[in-house]
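>>> build me a model from this:
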Amino acid sequence: MDDLKDLDSVAEHFGFLHLDHDKDDYYSGQLPDGRFQKIELNPVGHPHTNEGPHVKIMEPEDAFSPVQKPGAGGKGNRWRTLAYFFVKGHEQYKKRWDGGS
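Numbers count the residues shown, from 1 in each chain. Reported below is the predicted structural model:
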């Protein structure tokens with residue numbers, strides 16, 4: 001993920017026609033073949049799952065439809081994770097990655 005530091009580089013790397021900001025670190029867009037995918041571009045990581053900075057690529061159950069039926073229990077859309085990319089050497093969560101503690 002070292003070369004995937006910003007939204008433009010992620011969009012170019014994965015071939016998105018466009019990316020729309022959904023919320024926080026999440027973006028969604030369409031690929032040239034018509035499939036819809038969602039990107040999580042997280043420069044910090046998650047302390048509760050001990051994940052460092054990452055890019056996660058997700059695809060809906062029906063990849064050609066941006067609107068999805070509710071998942072189990074009526075919560076959200078059904079998205080499957082296609083890939084996870086971490087910054088080499090920073091796979092685990094740390095409060096600060098700039099040398100501080």
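>>> is V10 located within a helix, as I assumed?
Yes - assessed with DSSP: H, G, I helix; E, B strand; the rest coil, V10 lies in a helix.
>>> kindly provide the distance from it to P47.
23 Å (CB to CB, to the nearest Å). All C-beta spots, glycine's among them, are computed from the backbone N, C-alpha and C.
>>> and D8, by the same measure?
For D8, the distance to P47 - CB to CB - is 28 Å.
>>> got it, and E59?
E59 sits 26 Å away from P47, taking CB to CB as the criterion.
>>> more neighbours, these two?
Neighbours per residue (other CB atoms under 10 Å) separate E59 from P47, with E59 holding more: 17 against 11.
>>> just the buried residues of the strand or helix carrying that one, please?
In the assignment (DSSP states H and E), E59 maps to strand 54-60. Under the neighbour-count criterion of 16 or more other CB atoms under 10 Å, strand 54-60 has 54-60 buried.
>>> which one of those residues is nearest to K94?
Checking the buried residues of strand 54-60 against K94 by CB to CB gives H54 as the nearest, at 12.9 Å.
>>> which residue packs closest to that closest one, ignoring adjacent ones?
Excluding the flanking residues, the one nearest H54 by CB to CB, 6 or more residues apart in numbering is F86, at 4.9 Å.
>>> swap in R80?
E59 (5.9 Å).
>>> the one you found contacts R78, doesn't it?
No - using CB atoms under 8 Å, E59 is not in contact with R78, being 9.9 Å away.
>>> next SSE downstream of the strand holding E59?
Of the helices and strands lying after strand 54-60 in sequence (DSSP H and E), the nearest is strand 79-86.
>>> tell me how many other residues crowd D33.
As a burial measure, D33 scores 8 neighbours (other CB under 10 Å).
>>> got it, and P32?
8.
>>> list the beta-bridge partners for the closest residue to K56 other than its chain neighbours.
Spatial nearest neighbour of K56, chain neighbours left out: E40 (4.1 Å); criterion: CB to CB, 6+ apart. Beta-bridge partners for E40, by DSSP bridges, are Y26, K56.
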